[in-house]
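Peer 1: below are the sequence and a predicted model for it; my questions follow.
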Amino acid sequence: MSELSKAPAIFKDGINPNDISQGSLGDCYFLAVLSSMAEDPRDIKALFYTKEINQAGCYMMYFHLNGVQRSVIVDDYLPCKNGRLLFAKSHGGDEVWVCLLEKAWAKLHGNYSIVAGGLPCHASFHLAGVPSKSIRH
């Protein structure tokens with residue numbers, strides 16, 4: 001993580017819906033739900049068990065599977081190309097909550113390519129743990 005930022009932090013200068021910057025992965029549906037949840041920073045912080053950068057580089061987050069809260073543990077080895085994050089990141093560059101949640105989302109489903117393309121209702125169900133549905137109009 002220190003290769004990407006001189007002072008990385010999971011949360012820095014507050015959580016804001018505009019913190020999120022999509023990378024080359026087509027998971028805008030997931031990022032849109034994160035942005036919506038970031039309207040109340042407590043909702044994003046509640047997803048994290050590990051709230052500080054640590055030497056082990058291991059981070060635990062919570063998702064809901066079939067109505068049950070489950071933990072997902074990821075490391076801080078993030079996909080990069082030419083020294084820059086390949087997928088989602090925060091605009092400030094030092095915050096890593098966005099890319100850690102995206103990595104945990106990908107791990108929950110098997111890999112990054114599986115989470116390319118989807119519906120916000122799917123992401124909100126797993127993030128917030130509440131029933132949701134998409135309505136075409």
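Peer 2: That came through fine.
Peer 1: excluding covalently adjacent residues, which one is nearest to I44?
Peer 2: Of all residues not flanking I44 in the chain, I15 sits nearest, at 5.0 Å (CB to CB, 6 or more residues apart in numbering). C-beta coordinates here come from the backbone N, C-alpha and C atoms, glycine included.
Peer 1: pretty sure the one you found contacts P41?
Peer 2: Yes. Using CB atoms under 8 Å, I15 makes contact with P41 at a distance of 3.8 Å.
Peer 1: about what we covered before: so how far is K107 from the residue nearest to I44?
Peer 2: 22 Å (CB to CB, to the nearest Å).
Peer 1: more neighbours: which of these two?
Peer 2: I15 (23 against 17; other CB atoms under 10 Å).
Peer 1: and V68, how many residues sit next to it?
Peer 2: Residues near V68, counting by other CB under 10 Å: 8.
Peer 1: over to the one 4 residues further on?
Peer 2: By the other CB under 10 Å criterion, the neighbourhood of V72 contains 20 residues.
Peer 1: report the secondary structure state of it.
Peer 2: On the three-state scheme (DSSP: H, G, I helix; E, B strand; the rest coil), V72 is labelled strand.
Peer 1: tell me what it is bridged to.
Peer 2: Here V72 sits in beta bridges with M61, going by DSSP bridges.
Peer 1: go ahead and confirm it touches H64.
Peer 2: No. The criterion here is CB under 8 Å, and V72 misses it with H64 at 10.9 Å.
Peer 1: ok, the residue nearest to S132 when sequence neighbours are not counted to L100 distance?
Peer 2: Using CB to CB, 6+ apart and skipping residues adjacent in sequence, the residue nearest S132 is C121, 4.1 Å away. Note on C121: its distance to L100, by CB to CB, is 23 Å.
Peer 1: before we move on, what about E52?
Peer 2: With CB to CB as the criterion, E52 and L100 are 12 Å apart.
Peer 1: between these two, which contacts overlap?
Peer 2: Counting by CB atoms under 8 Å, 6 or more residues apart in numbering, the residues touching both E52 and L100 are I10.
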